[in-house]
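Participant: A structural model of the following input is requested.
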Amino acid sequence: MPSRDHFRPPLDRIASWEGFHGGWPMVIVQHLRKQLPPGYVAEPRVHSGSQVEIDVATFEKDDAFPRATPEAQGGAATAVWAPARPSDSVETTLPDYDEYAVMIFDVRRGRRLIAAIEIVSPANKDRPEHRNIFVAKCAALVQRGVAVSIVDLVTLRTFNLYSQLLAFIGHSDPTLGDPPPALYAASCRWTAKEDRRIFEAWSHELAVGRPLPTLPLWLGRETVVPLDLESSYEQACHDLWIA
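Facilitator: Next comes the predicted model:
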(Lines give C-alpha, C1' and ligand atoms only; values in the text may rest on other atoms or scores of the structure.)
Protein backbone atom coordinates (compact mmCIF):
# COMPACT_ATOMS: atom_id res chain seq x y z
CA MET A 1 0.00 0.00 0.00
CA PRO A 2 1.24 3.56 -0.62
CA SER A 3 2.46 5.87 2.14
CA ARG A 4 0.15 8.70 3.18
CA ASP A 5 0.55 12.38 3.88
CA HIS A 6 -0.23 12.51 7.60
CA PHE A 7 0.26 16.28 7.84
CA ARG A 8 -2.23 17.70 5.31
CA PRO A 9 -5.89 17.29 4.38
CA PRO A 10 -7.75 15.09 4.05
CA LEU A 11 -5.89 12.70 6.35
CA ASP A 12 -4.99 15.19 9.08
CA ARG A 13 -8.72 15.87 9.56
CA ILE A 14 -9.30 12.20 10.34
CA ALA A 15 -6.21 11.18 12.34
CA SER A 16 -3.43 13.22 13.94
CA TRP A 17 0.20 12.70 12.99
CA GLU A 18 1.02 12.63 16.72
CA GLY A 19 -1.14 9.55 17.15
CA PHE A 20 0.55 7.78 14.27
CA HIS A 21 4.08 8.76 15.32
CA GLY A 22 3.30 7.63 18.86
CA GLY A 23 1.97 4.25 17.70
CA TRP A 24 4.38 3.31 14.92
CA PRO A 25 7.43 2.67 17.18
CA MET A 26 5.51 0.04 19.18
CA VAL A 27 4.42 -1.72 15.98
CA ILE A 28 8.05 -1.76 14.79
CA VAL A 29 9.00 -3.37 18.11
CA GLN A 30 6.31 -6.03 17.62
CA HIS A 31 7.58 -6.81 14.12
CA LEU A 32 11.22 -6.89 15.23
CA ARG A 33 10.36 -9.49 17.86
CA LYS A 34 9.98 -11.95 14.98
CA GLN A 35 13.26 -10.83 13.38
CA LEU A 36 15.76 -10.33 16.19
CA PRO A 37 17.98 -13.28 17.15
CA PRO A 38 18.05 -14.48 20.78
CA GLY A 39 19.85 -12.05 23.05
CA TYR A 40 18.50 -8.88 21.41
CA VAL A 41 15.53 -6.78 22.51
CA ALA A 42 13.82 -3.70 21.06
CA GLU A 43 12.05 -0.95 22.98
CA PRO A 44 10.04 2.11 21.85
CA ARG A 45 11.02 5.64 22.85
CA VAL A 46 8.31 8.31 22.57
CA HIS A 47 8.88 11.79 23.97
CA SER A 48 7.22 15.02 22.85
CA GLY A 49 8.66 18.41 23.75
CA SER A 50 11.30 19.42 26.28
CA GLN A 51 9.13 18.73 29.35
CA VAL A 52 11.70 20.40 31.57
CA GLU A 53 10.22 21.86 34.76
CA ILE A 54 11.72 23.50 37.82
CA ASP A 55 10.62 21.88 41.05
CA VAL A 56 9.58 25.06 42.85
CA ALA A 57 8.26 23.11 45.82
CA THR A 58 11.72 21.69 46.47
CA PHE A 59 13.30 25.14 46.54
CA GLU A 60 10.57 26.45 48.84
CA LYS A 61 11.15 23.52 51.20
CA ASP A 62 14.90 24.11 51.25
CA ASP A 63 14.50 27.81 51.93
CA ALA A 64 12.08 27.13 54.80
CA PHE A 65 14.97 25.90 56.96
CA PRO A 66 17.71 28.52 57.53
CA ARG A 67 21.23 27.20 57.18
CA ALA A 68 23.70 27.70 59.99
CA THR A 69 26.34 30.38 59.43
CA PRO A 70 30.06 29.74 59.96
CA GLU A 71 29.92 31.85 63.15
CA ALA A 72 27.04 29.77 64.52
CA GLN A 73 29.03 26.61 63.85
CA GLY A 74 32.06 27.98 65.63
CA GLY A 75 34.04 28.77 62.49
CA ALA A 76 35.47 31.98 61.11
CA ALA A 77 33.41 34.19 58.83
CA THR A 78 34.50 34.31 55.17
CA ALA A 79 33.90 36.96 52.53
CA VAL A 80 30.93 36.31 50.24
CA TRP A 81 32.01 36.14 46.59
CA ALA A 82 29.67 37.45 43.91
CA PRO A 83 30.19 37.05 40.14
CA ALA A 84 30.19 39.98 37.75
CA ARG A 85 27.12 40.81 35.71
CA PRO A 86 26.40 38.19 33.01
CA SER A 87 27.63 39.07 29.54
CA ASP A 88 24.26 37.99 28.14
CA SER A 89 20.87 37.66 29.80
CA VAL A 90 17.75 37.09 27.69
CA GLU A 91 14.38 35.53 28.32
CA THR A 92 14.18 32.23 26.46
CA THR A 93 12.94 28.65 26.59
CA LEU A 94 14.71 25.35 26.16
CA PRO A 95 14.33 23.97 22.63
CA ASP A 96 11.61 21.34 22.39
CA TYR A 97 12.89 17.93 21.44
CA ASP A 98 10.59 15.31 19.96
CA GLU A 99 11.70 11.69 20.05
CA TYR A 100 9.87 8.91 18.23
CA ALA A 101 12.30 6.04 18.12
CA VAL A 102 13.04 2.37 18.62
CA MET A 103 16.17 1.28 20.49
CA ILE A 104 17.73 -2.17 20.06
CA PHE A 105 19.89 -3.61 22.85
CA ASP A 106 22.24 -6.56 23.15
CA VAL A 107 21.24 -8.03 26.51
CA ARG A 108 24.19 -10.43 26.48
CA ARG A 109 26.52 -7.44 26.86
CA GLY A 110 24.74 -5.59 29.62
CA ARG A 111 21.97 -4.14 27.47
CA ARG A 112 24.43 -2.42 25.20
CA LEU A 113 22.72 -0.13 22.71
CA ILE A 114 23.57 -1.37 19.22
CA ALA A 115 20.97 0.17 16.90
CA ALA A 116 18.47 3.03 16.83
CA ILE A 117 15.55 3.77 14.52
CA GLU A 118 14.67 7.48 14.51
CA ILE A 119 11.30 8.61 13.12
CA VAL A 120 11.49 12.32 12.26
CA SER A 121 8.75 14.63 13.55
CA PRO A 122 7.86 18.16 12.35
CA ALA A 123 9.49 19.67 15.44
CA ASN A 124 12.79 17.97 14.53
CA LYS A 125 12.87 19.95 11.28
CA ASP A 126 11.18 23.28 11.97
CA ARG A 127 14.05 25.33 13.48
CA PRO A 128 17.85 25.31 13.20
CA GLU A 129 18.29 24.53 16.90
CA HIS A 130 15.89 21.58 16.64
CA ARG A 131 17.67 20.22 13.59
CA ASN A 132 21.02 20.62 15.33
CA ILE A 133 19.79 18.66 18.36
CA PHE A 134 18.53 15.81 16.18
CA VAL A 135 21.68 15.65 14.07
CA ALA A 136 23.98 15.86 17.11
CA LYS A 137 22.12 13.01 18.79
CA CYS A 138 22.38 10.77 15.72
CA ALA A 139 26.05 11.67 15.22
CA ALA A 140 26.85 10.76 18.82
CA LEU A 141 25.15 7.39 18.34
CA VAL A 142 27.01 6.63 15.10
CA GLN A 143 30.36 7.63 16.61
CA ARG A 144 29.70 5.22 19.50
CA GLY A 145 29.26 2.38 17.03
CA VAL A 146 25.46 2.37 17.06
CA ALA A 147 23.80 1.68 13.71
CA VAL A 148 21.29 4.47 13.03
CA SER A 149 18.24 4.39 10.77
CA ILE A 150 16.29 7.57 10.00
CA VAL A 151 12.78 7.61 8.55
CA ASP A 152 11.32 10.96 7.47
CA LEU A 153 7.73 11.23 6.23
CA VAL A 154 7.28 14.89 7.27
CA THR A 155 5.89 16.74 4.25
CA LEU A 156 5.71 20.12 6.00
CA ARG A 157 9.48 20.81 5.91
CA THR A 158 12.03 20.23 3.15
CA PHE A 159 15.18 19.75 5.24
CA ASN A 160 17.02 16.44 4.89
CA LEU A 161 18.39 15.57 8.34
CA TYR A 162 20.22 12.51 7.03
CA SER A 163 22.19 14.75 4.65
CA GLN A 164 22.95 17.13 7.52
CA LEU A 165 24.08 14.19 9.66
CA LEU A 166 26.53 13.11 6.96
CA ALA A 167 27.89 16.64 6.68
CA PHE A 168 28.23 16.82 10.46
CA ILE A 169 30.45 13.73 10.61
CA GLY A 170 32.37 14.68 7.47
CA HIS A 171 30.79 12.39 4.86
CA SER A 172 28.36 12.64 1.97
CA ASP A 173 26.02 10.38 -0.01
CA PRO A 174 26.33 10.94 -3.79
CA THR A 175 22.98 9.22 -4.39
CA LEU A 176 21.01 11.92 -2.58
CA GLY A 177 21.04 14.47 -5.37
CA ASP A 178 21.07 18.26 -5.13
CA PRO A 179 18.95 19.29 -3.36
CA PRO A 180 18.49 16.12 -1.33
CA PRO A 181 14.93 14.76 -1.09
CA ALA A 182 12.64 16.04 1.65
CA LEU A 183 11.27 12.54 2.32
CA TYR A 184 13.75 9.72 2.80
CA ALA A 185 14.74 6.63 4.75
CA ALA A 186 18.36 5.73 5.46
CA SER A 187 20.55 3.46 7.54
CA CYS A 188 24.20 4.12 8.35
CA ARG A 189 26.96 2.69 10.50
CA TRP A 190 30.70 2.67 11.08
CA THR A 191 32.32 -0.75 10.92
CA ALA A 192 35.82 -2.21 10.97
CA LYS A 193 37.24 -4.03 7.95
CA GLU A 194 40.85 -5.19 7.90
CA ASP A 195 41.92 -2.69 10.57
CA ARG A 196 40.15 0.13 8.74
CA ARG A 197 37.13 2.14 9.83
CA ILE A 198 34.53 2.11 7.05
CA PHE A 199 31.40 4.27 6.94
CA GLU A 200 28.50 2.55 5.19
CA ALA A 201 25.09 3.99 4.30
CA TRP A 202 21.93 2.90 2.54
CA SER A 203 19.47 5.61 1.54
CA HIS A 204 16.13 5.72 -0.27
CA GLU A 205 14.07 8.62 -1.53
CA LEU A 206 10.47 8.42 -0.33
CA ALA A 207 7.30 9.86 -1.83
CA VAL A 208 3.66 10.00 -0.84
CA GLY A 209 1.85 7.26 -2.72
CA ARG A 210 4.81 4.87 -2.84
CA PRO A 211 5.56 1.88 -0.58
CA LEU A 212 8.28 2.20 2.03
CA PRO A 213 11.59 0.35 1.61
CA THR A 214 13.29 -2.33 3.67
CA LEU A 215 16.43 -1.09 5.41
CA PRO A 216 19.32 -3.12 6.83
CA LEU A 217 19.22 -3.14 10.62
CA TRP A 218 22.76 -3.92 11.74
CA LEU A 219 23.15 -5.71 15.07
CA GLY A 220 26.89 -6.29 14.71
CA ARG A 221 29.70 -6.35 12.19
CA GLU A 222 28.23 -9.33 10.34
CA THR A 223 24.76 -9.63 11.91
CA VAL A 224 21.91 -7.89 10.12
CA VAL A 225 18.13 -8.28 9.94
CA PRO A 226 15.64 -6.62 7.55
CA LEU A 227 13.77 -3.58 8.83
CA ASP A 228 10.57 -3.86 6.81
CA LEU A 229 9.17 -0.36 7.13
CA GLU A 230 6.22 -1.03 4.83
CA SER A 231 4.75 -3.86 6.88
CA SER A 232 5.02 -2.02 10.21
CA TYR A 233 3.72 1.19 8.63
CA GLU A 234 0.64 -0.53 7.24
CA GLN A 235 0.02 -2.32 10.52
CA ALA A 236 0.20 0.98 12.43
CA CYS A 237 -2.21 2.63 9.97
CA HIS A 238 -4.61 -0.32 10.27
CA ASP A 239 -4.51 -0.31 14.08
CA LEU A 240 -5.23 3.43 14.16
CA TRP A 241 -8.06 3.16 11.60
CA ILE A 242 -6.15 5.19 9.05
CA ALA A 243 -7.50 4.21 5.64
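
Participant: Going by C-alpha atoms from here, please, whenever you check contacts or count neighbours.
Facilitator: Will do.

Participant: shaky segments in this protein?
Facilitator: 1, 49-79, 91-96 (pLDDT under 70).

Participant: can you pull out the helices in it?
Facilitator: Applying DSSP state H to the chain gives helices spanning 17-32, 56-63, 122-125, 128-143, 161-168, 229-239.

Participant: Quick check on P38: phi, psi?
Facilitator: phi -60, psi 140 (degrees, to the nearest 10).

Participant: Next, count neighbours for the closest residue to P216 other than its chain neighbours.
Facilitator: Distances taken as CA to CA, 6 or more residues apart in numbering place P226 nearest to P216, at 5.1 Å, with adjacent residues excluded. Counted with other CA atoms under 10 Å, residues neighbouring P226 total 13.

Participant: Same check on S187?
Facilitator: 24.

Participant: quick one: contacts for it?
Facilitator: Contact analysis of S187 by CA atoms under 8 Å, 6 or more residues apart in numbering lists A147, V148, S149, I150, A201, W202, S203, L215, P216, L217.

Participant: Among the residues you listed, list the two that are farthest apart in space.
Facilitator: Spatially, the most separated pair among the contacts of S187 is A147 and S203, at 13.5 Å (CA to CA).

Participant: I'd like the helices of the chain written out as CSV, with distance to V80 added.
Facilitator: Shown next, in CSV, are these (distance: least, CA to CA, whole Å):
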stretch, distance to V80
helix 17-32, 51
helix 56-63, 19
helix 122-125, 44
helix 128-143, 38
helix 161-168, 44
helix 229-239, 60
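
Participant: Select, out of those, the one closest to E194.
Facilitator: helix 128-143 (18.7 Å).

Participant: chain center to that closest one, what's the gap?
Facilitator: Mean-position distance between helix 128-143 and its chain equals 8 Å (CA atoms, centre = their mean, to the nearest Å).

Participant: Just want the angle from it to helix 161-168.
Facilitator: For helix 128-143 against helix 161-168, the angle by axes from the mean of the first three to the mean of the last three CA atoms, to 10 degrees is 70 degrees.

Participant: A147 and S203: which is more packed in?
Facilitator: Legend: neighbour count by other CA under 10 Å for A147 and S203, higher for A147 (27 against 19).

Participant: Surely that one touches L217?
Facilitator: Yes. Between A147 and L217 there is a contact at 7.3 Å, judged by CA atoms under 8 Å.

Participant: Name the residues contacting each of the two.
Facilitator: By CA under 8 Å, 6+ apart, A147 and L217 have these common neighbours: A115, S187.

Participant: P128: neighbouring residues, count only.
Facilitator: Here the count is done by other CA under 10 Å, and P128 has 10 residues near it.

Participant: wait, what's in contact with it?
Facilitator: When the contact criterion is CA under 8 Å, 6+ apart, P128 has no partners at all.

Participant: cutoff 10 Å now
Facilitator: Applying CA atoms under 10 Å, 6 or more residues apart in numbering to P128 gives the contacts F134.

Participant: now the one 3 residues further on
Facilitator: Taking CA under 10 Å, 6+ apart, we find R131 in contact with Y97, A123, N124, K125, K137, F159, N160, L161, Q164, L165.

Participant: Find the nearest non-adjacent residue to the last one, please.
Facilitator: Distance criterion CA to CA, 6+ apart; nearest residue to L165, sequence neighbours excluded, is V135 at 5.2 Å.

Participant: cool, and the second one?
Facilitator: In space, A123 comes closest to D98 once its chain neighbours are excluded; the distance is 6.4 Å by CA to CA, 6+ apart.

Participant: Of the helices of the chain, which is nearest S87?
Facilitator: Closest approach to S87 among the helices of the chain is made by helix 128-143 (21.4 Å; CA to CA).

Participant: got the residue ranges for the strands in the chain?
Facilitator: 40-47, 99-106, 112-119, 147-152, 184-193, 196-205, 214-218, 224-228 (DSSP state E).
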